[in-house]
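In: fold the following for me, if possible:
(2 chains)
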Amino acid sequence: KQEVTQIPAALSVPEGENLVLNCSFTDSAIYNLQWFRQDPGKGLTSLLLIQSSQREQTSGRLNASLDKSSGRSTLYIAASQPGDSATYLCAVSGNTPLVFGKGTRLSVIA
Amino acid sequence: SAVISQKPSRDICQRGTSLTIQCQVDSQVTMMFWYRQQPGQSLTLIATANQGSEATYESGFVIDKFPISRPNLTFSTLTVSNMSPEDSSIYLCSVAPLASTDTQYFGPGTRLTVL
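Out: Residues are numbered from 1 along each chain as shown, chains lettered A, B, ... in the order given. Next comes the predicted model:
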């Protein structure tokens, strides 16, 4: 059974810092990995999708990497802003629908 | 991409009652899913809504408690039956336009509080 773990559970940084969120998964037989953002009381916004054959994806200040063999992914956020404050969820897709980690709650302090 | 709407966006219900949540997609999709997010927790898959047949439930979820309908390729409902305070959660509808290699899109969620 696929299990997804995210570290740290919470993170607080001053505005302007670069930061890395970590995600690990137990079963490397995945189709893709997605990073989502969730604002309090809201639904999910897809940030980046990495196919299993890819190593990384970039969108603006966000860069996600995937090392399928080791079961790890990172989300790098450059020059963080207060508007980046949210919970970031990692999810993997295999033969089943997405399996989610518990998320990292990020606070960017102005 | 797919645009998903859910009704209601939130509700407060009494113990023992039932609530039906609707999910509408702006295009035909192959797969539709229902997730639950309990307070402070991540998302857990409840079931896959199958068009024209019974839903496929994950371990720990049963049809009597969470009956699901999917009459066509753009619409599904989830009913939370005989509710208790433990059912207080956000319920999210999700769709996958293609098979597993594509992204999943999520609705805005329904925030349910059971008193």
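In: is the host helix or strand of B:Asp11 in proximity to chain A?
Out: For B:Asp11, the element it lies in under DSSP states H and E is strand B:10-13. No: Strand B:10-13 lies apart from chain A when judged by Cβ under 8 Å from any Cβ of the partner chain; the minimum separation is 8.6 Å. C-beta: built from backbone N, CA, C; applies to glycine.
In: need the residues that contact that strand.
Out: Outside of strand B:10-13, the residues within contact range by Cβ atoms under 8 Å, 6 or more residues apart in numbering or on different chains are B:Leu19, B:Met83, B:Thr110, B:Arg111, B:Leu112, B:Thr113, B:Val114, B:Leu115.
In: verify the contact between A:Val108 and A:Ala86 for me.
Out: No: taking contacts as Cβ atoms under 8 Å, A:Val108 lies outside contact range of A:Ala86: 9.4 Å.
In: the contacts of strand B:10-13 also near chain A: which ones?
Out: Within the contacts of strand B:10-13, those near chain A by Cβ under 8 Å from any Cβ are B:Arg111.
In: whichever of the contacts of strand B:10-13 end up buried, select them in ChimeraX.
Out: Entered in ChimeraX, the line below selects the buried ones among the contacts of strand B:10-13, by 16 or more other Cβ atoms under 10 Å in any protein chain shown:
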select /B:19,83,110,111,112,114
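In: pick out whichever of the contacts of strand B:10-13 sits closest to chain A.
Out: Nearest to chain A out of the contacts of strand B:10-13 is B:Arg111 (Cβ to the nearest Cβ; 6.5 Å).
In: model confidence score at the closest one, please.
Out: On the pLDDT scale, B:Arg111 is placed at 95.
In: direction included, what does whichever strand or helix holds it pair up with?
Out: Element membership for B:Arg111 (DSSP H and E) is strand B:110-114. Strand B:110-114 has these partner strands in its sheet, going by DSSP bridges: strand B:10-13 (parallel), strand B:89-96 (antiparallel).
In: which residues of chain B score low on pLDDT?
Out: B:98-102 (pLDDT under 70).
In: contacts only, for residue 56.
Out: Picking chain A for this. Going by Cβ under 8 Å, 6+ apart, A:Glu56 touches A:Ile50, A:Asn63, A:Ala64, A:Ser65, A:Leu66.
In: that answer is for a different chain, and I need it for chain B
Out: So B:Thr56 contacts B:Ala47, B:Thr48, B:Asn50 (Cβ under 8 Å, 6+ apart).
In: quick check: the second one touching B:Ala55?
Out: Yes: B:Thr48 lies in contact with B:Ala55 (Cβ under 8 Å); the separation is 6.3 Å.
In: quick one: closest of the strands paired with strand B:110-114 to A:Asn32.
Out: When the strands paired with strand B:110-114 are compared by Cβ to Cβ, strand B:89-96 sits nearest A:Asn32, at 10.9 Å.
In: need the residues that contact that closest one.
Out: Contact with strand B:89-96 is made by A:41, A:43-44, A:97-98, B:2, B:4, B:6, B:21, B:23, B:25, B:29-39, B:43, B:46, B:76, B:78, B:80, B:102-107, B:109-112, as judged by Cβ under 8 Å, 6+ apart.
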